[in-house]
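Colleague: need a 3D model of the following:
(2 chains)
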Amino acid sequence: MSVVTRFAPSPTGSLHLGSARTALFNWLFARHHKGTFLLRIEDTDRKRSTEASIKAIFEGLQWLDLDWDQDVVFQCSRAALHAAAAHRLVEEGKAYYCYATLEELENMRAEAKAKGLPPKYNGFWRDRSPQLAPSGVPPVIRLKVPQQGETLINDLVQGSVTVSNTQLDDMVLLRSDGTPTYMLSVVVDDHEADVTHVIRGGDHLTNTFRQLQLYEALGWKAPQFAHIPLIHGSDGAKLSKRHGAVSVNSYRDLGYLQEAICNCLLRLGWGHGDDEIITREQAIAWFDIDHVGQAPARFEFARLDHLNAHYMRTLSDASLLERLIPFLTKPISVPLSDTHRTRLLKGLSGLKRRAKTLVELAENALPYLINAPIPYSLEALNVLCVSENNALIKAVLPLLTTVEWTHAALETCLRTFASDRSIGFGKVAQPLRWALTGCRVSPSIFEVLDTLGRTESVARLKDACQTGEHHG
RNA sequence: GUCCCCAUCGUCUAGAGGCUUAGGACAUCGCCCUUUCAAGGCGGCAACACGGGUUCGAAUCCCGUUGGGGACGCCA
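Modeller: Below you'll find the predicted structure:
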C-alpha cells in the first residue's frame, strides 16, 4: 500500500517552527516513499480559527517549498460526516449522551485529583437511561472507553507505549451544540483519506491512546503513528512565544533563507552520519522515520545563523539579489535603480561572505545604494579631519583619475603608493575606507572601488576631503 | 496530583554489545592568511547523568535513582 501522510494544523496562529518541522517530516517521508502528502486545516474550533491564520499557514508552507497533493481539506466542511459517525456509535451502544454540566465536570476532576486519582469524567451518564436527563441541558456524546485492560501504541519513533485504561476517560465526541471535537474529526478524516502514517509532535502521544479506542469502536484499522519529539527553546521548555520568534514567517522576515530553515529543522531530531549540509534531494533520498531520535531537541540561533550564512554564500549572486531586494527597500526607502542594481550585483560576492542574514546583508549593502555626497558619522568625521588622512586621500586622488579601473590595477596602484611612502598598507586603506563607505568595515578596498566605479569613487573622496577640512 | 516519555561535549548529533583512545558540526579559544570585517585553513577545550545488574566484554540490554519534558478541556 502506498504511503499517505498529512499535515493537519489548526488555524489558530501562524505556522509555528515546530509545526513546520512536522510538516517537513511528513512531506519528506511521503516524497521518500513516493507517496502522497495531504494538507488538512483543522478548523473545528470555530471560535479560534481565523482566515489570517489559514493564509499564514499556506504562505509558510509555500515559502518552505512544501507542496501538498490534492485539494486542501477544511475539516469543518466535513462536520456532518463526523456527527454521523458519533450517532452510529450511540446506536451501536458504544457511545452515549452525557448531561453533565461544566460545573459538575469541574467538581469531578477536583474530587478525583484530591483522592490521588487521574482527573477525569466519572462516567455518571454511561449506563444511565437518557429518560433521567434533566430538562434544558443539551447533551454531549461520549465514547464508552473500556475501563479494564490497557491500550498499546506501537509507535514508529517511541516504540511500544502502554497505558492502563483506567487512565482514559469517556471523551467527548460531539459537543452539546452538535459539532464534532478534534478527537472524532481527526480519526474520521484520517480514515477517510486512507492516511497510512500519522507523523506528529510528541504532545499528541497521549491523545493517541484515546484515538486508538475510537478506531477500535468504529471498527477501523488505525494508521501507523510516529510521534516526533518536540522542539524546545534554549531553556529546555517546549518552544513557545516567550522564546521570541516562533513562526516561520517571522524567520523569513528576520532574513533567513528557506533552505537554511529546512536544513536546520531537518537536523533537529534527525541525523545522517556526519552530514550537516543537506540538500532537498539528499533529504528526500535519506529521510526515514527509523532514524528520528526520541529525545527533544533545543533550538538555538547559532546553528541557524551558520547554515544561513552558508546558503547565502553558495547561492548565485543573481538569485541572492532577488531574495535581498525586499530587504533593501526598507533602509533606502526608494525602488532600486538600475545603477544601484548593477552595482549591488557586482559587489554582492564580497558582501555575502560578511553577513549571516539578509537583513544584515542589506545593512552592509547600504554604501553601494547611495550616491556622493554620502553621510558621515561622527566617528567617520573624526578620521577624515585628521590632516595626515586628509592629505593622504588628496594624494591618492590624482592616481585614481588615471589608473586602469580594474581590481588588479587598483591593487597594484595603491600598494605601490603605500610602499613608495614606506607606510603600511593599512594606513592607506583605512582612511580610504572611511571616506568611500562611511564605515569602519567593508569588503576589500579594491573591491569597493571597483564596485563603485571611478566617477562615484572620486566624487566620494573629493567630498570626504572637503568635509574633513571643514570639520578640521 | 495522575499517567506517559526522554537522557552522549555548552548545543545539534554519529553510535544497532567488541571496529571507540567515543566521531562530526555549531558555539568557544588559539594560530595562519590579511587593508578592516568576514570567509577560508590548521589546531585546542569539551560528553556517554548516577547506582546496580546481565555478559568474557555495555554509551549500546535490564532494573532503580535523579534530572528534564509532555499530556490530563464540550482546544487542537
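Colleague: okay, now the domains of chain A?
Modeller: A:4-70+A:231-302, A:77-182, A:316-370, A:371-472 (automatic domain parsing).
Colleague: would TSV of the ones you listed with mean neighbour count and mean pLDDT be doable?
Modeller: Heads up, the C-betas are built off the backbone N, CA and C, glycines and all. Listed next are the domains of chain A as TSV, based on neighbours: other Cβ atoms under 10 Å; pLDDT from 0 to 100:
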stretch	mean neighbour count	mean pLDDT
domain A:4-70+A:231-302	18	94
domain A:77-182	15	93
domain A:316-370	17	90
domain A:371-472	17	94
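Colleague: in JSON lines, list these along with distance to A:R210.
Modeller: Shown next, in JSON lines, are those (distance: least, Cβ to Cβ, whole Å):
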{"stretch": "domain A:4-70+A:231-302", "distance to A:R210": "16"}
{"stretch": "domain A:77-182", "distance to A:R210": "5"}
{"stretch": "domain A:316-370", "distance to A:R210": "43"}
{"stretch": "domain A:371-472", "distance to A:R210": "58"}
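Colleague: which of these sits closest to A:V195?
Modeller: Closest of those to A:V195 is domain A:4-70+A:231-302, at 5.0 Å (criterion: Cβ to Cβ).
Colleague: touching RNA strand B at all, the closest one?
Modeller: Yes: using Cβ under 7 Å from any atom of the strand, domain A:4-70+A:231-302 comes into contact with RNA strand B via A:8-10, A:42, A:44-45, A:48, A:232, A:236-238, A:267-271, A:273-274, A:276, A:290-291, A:293-298, A:300, A:302.
Colleague: the strand or helix carrying A:T467 - contacts with which helices or strands?
Modeller: Following DSSP states H and E, one finds A:T467 within helix A:454-471. Here helix A:454-471 touches helix A:378-384, helix A:387-402, helix A:425-437, helix A:445-452, going by 3 or more Cβ pairs under 8 Å, 6 or more residues apart in numbering; DSSP states H and E.
Colleague: leaving out sequence neighbours, find the closest residue to A:A395.
Modeller: Closest residue in space to A:A395, ignoring its immediate chain neighbours: A:F417 at 7.6 Å, by Cβ to Cβ, 6 or more residues apart in numbering.
Colleague: just to revisit the earlier point, quick check: which of the domains of chain A is nearest to A:H310?
Modeller: Taking Cβ to Cβ, domain A:4-70+A:231-302 is the member of these nearest to A:H310, at 6.3 Å.
Colleague: wait, what's in contact with the residue lying closest to A:A435 once chain neighbours are set aside?
Modeller: Residue nearest to A:A435 in three dimensions, not counting chain neighbours: A:A464, with 3.5 Å by Cβ to Cβ, 6+ apart. Taking Cβ atoms under 8 Å, 6 or more residues apart in numbering as the contact definition, A:A464 lies against A:Y376, A:L384, A:I393, A:W434, A:A435, A:L436.
Colleague: the fourth one is in contact with A:A380, isn't it?
Modeller: This means A:W434. Yes: the pair A:W434 / A:A380 is scored as a contact, 5.0 Å apart, by Cβ atoms under 8 Å.
Colleague: how far off centre is stretch A:169-176?
Modeller: Offset of stretch A:169-176 from its chain centre (Cα atoms, centre = their mean, to the nearest Å): 34 Å.
Colleague: do stretch A:429-439 and RNA strand B come into contact?
Modeller: Yes: residues of stretch A:429-439 are located near RNA strand B by Cβ under 7 Å from any atom of the strand, namely A:A429, A:Q430, A:R433.
Colleague: need the residues that contact that stretch.
Modeller: So stretch A:429-439 is contacted by A:367, A:374-377, A:380, A:383-384, A:386, A:389, A:392-393, A:396, A:414, A:440-442, A:445, A:448-449, A:452, A:457, A:460-461, A:464-465 (Cβ under 8 Å, 6+ apart).
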